[in-house]
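Participant: starting from these lines, generate the structure:
(chains A and B)
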Amino acid sequence: MTKMHLKLTVNGTAVDCLAEPRELLIHVLRERLNITGPHIGCETTHCGVCTIDMNGKSVKSCTVLAAQADGATITTIEGLSAPDDLHVLQTMFREHHGLQCGFCTPGMIIRAWRFLQENPDPTEEEVRFGMAGNLCRCTGYQNIVKAVLAAAAEMNSAKEAAQ
Amino acid sequence: MIPAPFTYHRPADIASALKILGEYGDDARVVAGGHSLIPMMKLRLTAIDHLIDLQGVESLRGIRVSGRDIRIGAMVTQAEILADRALAAAVPVLAEAALQIADPQVRNLGTIGGNVANGDPGNDLPALMQCLDATYEIEGPGGPRDVAARDFYDSAYVTARADDEILLAVRFTAPEGGAAYVKQKRKIGDYATAATAVALVKSGGKCASASIAMTNLADTPVWAQDAGAALVGTDCSPAAVKAAVAAMQEAISPVEDNRGPVDFKRHVAGRLLAEAIATAWSRA
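Facilitator: Have a look, this model is predicted:
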């Protein structure tokens, strides 16, 4: 099958690759670009482990065709911090035990990253509703919610200190 | 879980999209947000040789609110509906329904056009559009035409839109009085076990007009005309609500599936309708 020449910006870097139009964006990221932070879980738009940021919005990359993503600007968990550094969300997930097996974590954190830009000072209920597209089978969500709220507080106090 | 091969098209305007659609006929499909179509393509439930992506067609975007006249482009996403303050002020029930669709990620890509035009009886907006007596603007080789939402749905995935036509926009008059969309689902992200849209107008303590439509209780959305009529002239007392629920039960035809047996769905539909009437009445 004829491949398409895709142009993407992934984590701040312009990349080109060849892919069939029918390939899913998650497969392009993982198999063609070696971006393996976003995981493959249900592949049916339910679980959210493949969540990435595309053109400023959280999307499930198992339900985006490679061809649809041509020209898109994408941020994955890899784009949040340098390998030897942690984003405040990552720090708070660690401090509050927001993960156990860790499989859902890249999707959780990239979703939380966008959610806190949309709503920088959320209530617990708003966090639960805003994170509703991401499933976790280990934690019962309690510590994930705590981690997101703690990250929000941390980011807000850093913002205040900077002003 | 990868779709069968297809040729991808991304036209920049509606004329080009219609031309491609005309050229390939049944072998072509348009895709908006893709959150109904791509899962079906992955399951190989639908064969598409030519996929026409409408994301480049600027004329399908945009929300227009002028007084009570509302026009929403087919490519407007659920998230864009939720973010539009003028729209939320004019038609709060639309945001109420859109917020109950799937989850944040899906709402970021799922569009109003895909939701109403796909013909999936589980989708939420078709019943709301029937309740509000919306008009769908459709364009094909013969030019544009209007179809009423109440006339659009023939059976599951079969609609009044011909294969060579594209939905351009949804148009309706913001309801006077009060409205509500009430949905029961097993979990966030699920389709409705049952859901209902109610819009009614209160005048001098009585219901002056009422419109009721139901989601996922037949192979199409169901506009329950008699159920609405049962409320008119009443004060939406328990007896009137009971009559409306009874009329609604005549109009729906749920089938047993993994969301429950028929009796359960009818029970849920009745409870939801009573709740939606009470909520709409309190807002009227």
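Participant: show me what contacts B:T220?
Facilitator: In this structure, B:T220 makes contact with B:119, B:121, B:126, B:153-156, judged by CB atoms under 8 Å, 6 or more residues apart in numbering or on different chains. Every C-beta, even on glycine, is put in place using the N, C-alpha and C of the backbone.
Participant: most neighbours among those, please name it.
Facilitator: Counting neighbours by other CB atoms under 10 Å in any protein chain shown, the top entry in those is B:P126, with 30 neighbours.
Participant: check the secondary structure at that one for me.
Facilitator: When states are read from DSSP: H, G, I helix; E, B strand; the rest coil, the local structure at B:P126 comes out as helix.
Participant: that one and B:D219 touch, don't they?
Facilitator: No: the pair B:P126 / B:D219 is not scored as a contact, 11.8 Å apart, by CB atoms under 8 Å.
Participant: among the contacts of B:T220, name the ones in helices.
Facilitator: Using DSSP state H, B:P126 are the members of the contacts of B:T220 that sit in helices.
Participant: which one of the contacts of B:T220 is nearest A:E160?
Facilitator: For the contacts of B:T220, the closest approach to A:E160 (CB to CB) belongs to B:P126, at 46.7 Å.
Participant: gap between that closest one and chain A?
Facilitator: B:P126 sits 20 Å away from chain A, going by CB to the nearest CB, to the nearest Å.
Participant: contacts only, for that residue.
Facilitator: Residues in contact with B:P126, defined by CB under 8 Å, 6+ apart, are B:115-116, B:149, B:152-153, B:215, B:220-221.
Participant: cool, A:G79 as well?
Facilitator: By CB under 8 Å, 6+ apart, A:G79 lies in contact with A:10-12, A:53.
Participant: per-residue confidence at it?
Facilitator: For A:G79, the model assigns a pLDDT of 97.
Participant: now do A:M1
Facilitator: 69.
Participant: so which of the contacts of A:G79 wins on neighbours?
Facilitator: In terms of neighbours by other CB under 10 Å, those top out with A:D53 at 23 neighbours.
Participant: surely that residue is in contact with A:T75?
Facilitator: Yes: when contacts are counted by CB under 8 Å, A:D53 is listed as touching A:T75 (4.0 Å).
Participant: for the stretch 101-250 of chain B, which segments count as strands?
Facilitator: Using DSSP state E, counting those that start in this stretch, the strands of the stretch 101-250 of chain B run over B:135-140, B:143-148, B:153-155, B:158-159, B:166-173, B:178-184, B:194-203, B:206-215, B:222-223.
Participant: could you find the closest non-adjacent residue to the residue in chain B that chain A sits nearest to?
Facilitator: Shortest chain B-to-chain A distance, computed as CB to the nearest CB: residue-wise this is B:D103, at 3.2 Å. Leaving aside its sequence neighbours, B:D103 sits nearest to A:G133 (CB to CB, 6 or more residues apart in numbering or on different chains; 3.2 Å).
Participant: tell me if I am right that the one you found is in a strand.
Facilitator: No: assigned with three-state DSSP, A:G133 falls outside any strand and is coil.
Participant: now it: how far from B:I277?
Facilitator: A:G133 sits 31 Å away from B:I277, going by CB to CB, to the nearest Å.
Participant: same check on B:Y191?
Facilitator: For B:Y191, the distance to B:I277 equals 23 Å [CB to CB].
Participant: settle it for me: which of those two has more neighbours?
Facilitator: In this comparison of B:Y191 against B:I277, neighbours counted by other CB under 10 Å, the higher total goes to B:I277 at 27 against 18.
Participant: any idea of the pLDDT on the more buried one?
Facilitator: Taken from the predicted model, the pLDDT recorded for B:I277 is 98.
Participant: cool, and B:G189?
Facilitator: B:G189 carries a pLDDT value of 87.
Participant: now it: closest residue in space, sequence neighbours ignored.
Facilitator: Spatially, and ignoring its direct neighbours in sequence, B:G189 is nearest to B:D103 (4.8 Å; CB to CB, 6+ apart).
Participant: ok, how many other residues are close to the one you found?
Facilitator: Counted with other CB under 10 Å, residues neighbouring B:D103 total 25.
Participant: same thing with the one 4 residues further on?
Facilitator: The burial count assigned to B:R107 is 24, neighbours taken as other CB under 10 Å.
Participant: then B:A224?
Facilitator: Residue neighbour count, defined by other CB under 10 Å, stands at 28 for B:A224.
Participant: enumerate every residue touching the closest residue to chain B within chain A.
Facilitator: Ranking the residues of chain A by distance to chain B (CB to the nearest CB) places A:G133 first, at 3.2 Å. Neighbour list for A:G133: A:48, A:51, A:58, A:60, A:111, B:102-106, B:188-189 [criterion: CB under 8 Å, 6+ apart].
Participant: I'd like those residues laid out as TSV, including distance to B:S237.
Facilitator: Converted to TSV, the contacts of A:G133 look like this (distance: CB to CB, whole Å):
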residue	distance to B:S237
A:G48	45
A:T51	48
A:S58	46
A:K60	46
A:R111	46
B:A102	36
B:D103	38
B:P104	39
B:Q105	43
B:V106	39
B:I188	34
B:G189	37
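Participant: circling back to that earlier point, the contacts of B:P126, buried ones only, as a ChimeraX selection?
Facilitator: Restricted to buried positions by 16 or more other CB atoms under 10 Å in any protein chain shown, the ChimeraX selection for those reads:
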select /B:115,116,149,152,153,215,220,221
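Participant: just confirm A:G48 is within a strand.
Facilitator: No: with three-state DSSP as the criterion, A:G48 is coil rather than part of a strand.
Participant: for the closest residue to it other than its chain neighbours, phi and psi?
Facilitator: Leaving out its chain neighbours, the residue that sits closest to A:G48 by CB to CB, 6+ apart is A:N134, at 3.5 Å. Torsion angles at A:N134 (phi, psi; degrees, to the nearest 10) stand at phi -120, psi 120.
Participant: thought A:N134 was touching A:V49?
Facilitator: Yes: in terms of CB under 8 Å, A:N134 counts as a neighbour of A:V49; the distance is 7.5 Å.
Participant: which neighbours do those two share?
Facilitator: Taking CB under 8 Å, 6+ apart as the contact rule, the neighbours common to A:N134 and A:V49 are A:104, A:107.
Participant: which one of those two is surrounded by more residues?
Facilitator: Residue environment comparison for A:N134 versus A:V49 gives the larger neighbour count to A:N134, 28 against 24, counting by other CB under 10 Å.
Participant: distance-wise, check that one relative to A:A152.
Facilitator: From A:N134 over to A:A152 the distance is 16 Å, taken as CB to CB.
Participant: for A:Q163, give me the pLDDT.
Facilitator: 85.
Participant: residues in contact with it?
Facilitator: The contact partners of A:Q163, taken as CB under 8 Å, 6+ apart, number zero.
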